[in-house]
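*Asks:* Got a predicted structure here, sequence first:
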Amino acid sequence: MAAEPSFVVYRSRSCLCCQAWIAHMDRAGYHAQEVLTDDLPTVRLRYKVPTDLAACHTSVIRGYVFEGHVPAEDVTGFLSQRSEALGLAAPGMPIGSPGMEQADGRREEYFTLLLLGEGRRRIFARH
């Protein structure tokens with residue numbers, strides 16, 4: 001994949017899993033500009049991320065929002081579609097998702113959701 005321009009990731013100063021997700025994105029060719037904030041709810045509101053889909057960080061790439069531990073391959077697939085959607089979300093902090101890997105390899109099933117606006121969403125990918 002060709003190198004992506006920088007993207008913005010909003011995260012709290014103390015979040016270690018956010019740093020691990022940023023490293024995952026970097027390995028995939030995406031390069032983060034980090035914005036440390038103690039007010040992620042305001043960031044989510046600005047980008048129209050429903051409260052029930054909140055995770056520990058919010059990212060913006062090419063004007064689209066990516067909430068939480070969305071795998072880089074989902075980001076790439078989404079960006080290739082030139083979608084009318086707002087972006088993608090991986091709600092919460094799913095065990096085994098990028099940045100939430102476990103030493104014992106444990107994983108839980110989770111979904112990446114397509115954000116359609118007005119709180120609507122549908123499944124984009126199953127992991």
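*Replies:* Alright, I've got the coordinates.
*Asks:* and the closest residue to Ala55 other than its chain neighbours, what does it touch?
*Replies:* The shortest distance from Ala55 to any non-neighbouring residue, by Cβ to Cβ, 6 or more residues apart in numbering, is to Gly68 (2.6 Å). The way it works is simple: take the backbone N, C-alpha and C, and place the C-beta from them, glycine included. Residues near Gly68 by Cβ atoms under 8 Å, 6 or more residues apart in numbering: 53-58, 89-93, 97.
*Asks:* which one among those residues gets closest to Tyr30?
*Replies:* Closest to Tyr30 out of the contacts of Gly68 is His57 (13.4 Å), distances taken as Cβ to Cβ.
*Asks:* which one of the contacts of Gly68 sits closest to Arg107?
*Replies:* Ser97 (8.0 Å).
*Asks:* how much space between the closest residue to Arg126 other than its chain neighbours and Ala32?
*Replies:* Of all residues not flanking Arg126 in the chain, Phe111 sits nearest, at 5.7 Å (Cβ to Cβ, 6+ apart). Using Cβ to Cβ, to the nearest Å, Phe111 is found at 23 Å from Ala32.
*Asks:* and if you look at Gln19?
*Replies:* 10 Å.
*Asks:* Compare neighbour counts for these two and give me the winner.
*Replies:* More neighbours surround Ala32 than the other of Gln19 and Ala32, with 20 against 15 (other Cβ atoms under 10 Å).
*Asks:* Okay, the more buried one and Tyr110: tell me how far apart.
*Replies:* From Ala32 across to Tyr110, the span is 22 Å (Cβ to Cβ).
*Asks:* can you give me how far stretch 56-76 is from the chain middle?
*Replies:* Here stretch 56-76 shows a centroid-to-chain-centroid distance of 3 Å under the convention Cα atoms, centre = their mean, to the nearest Å.
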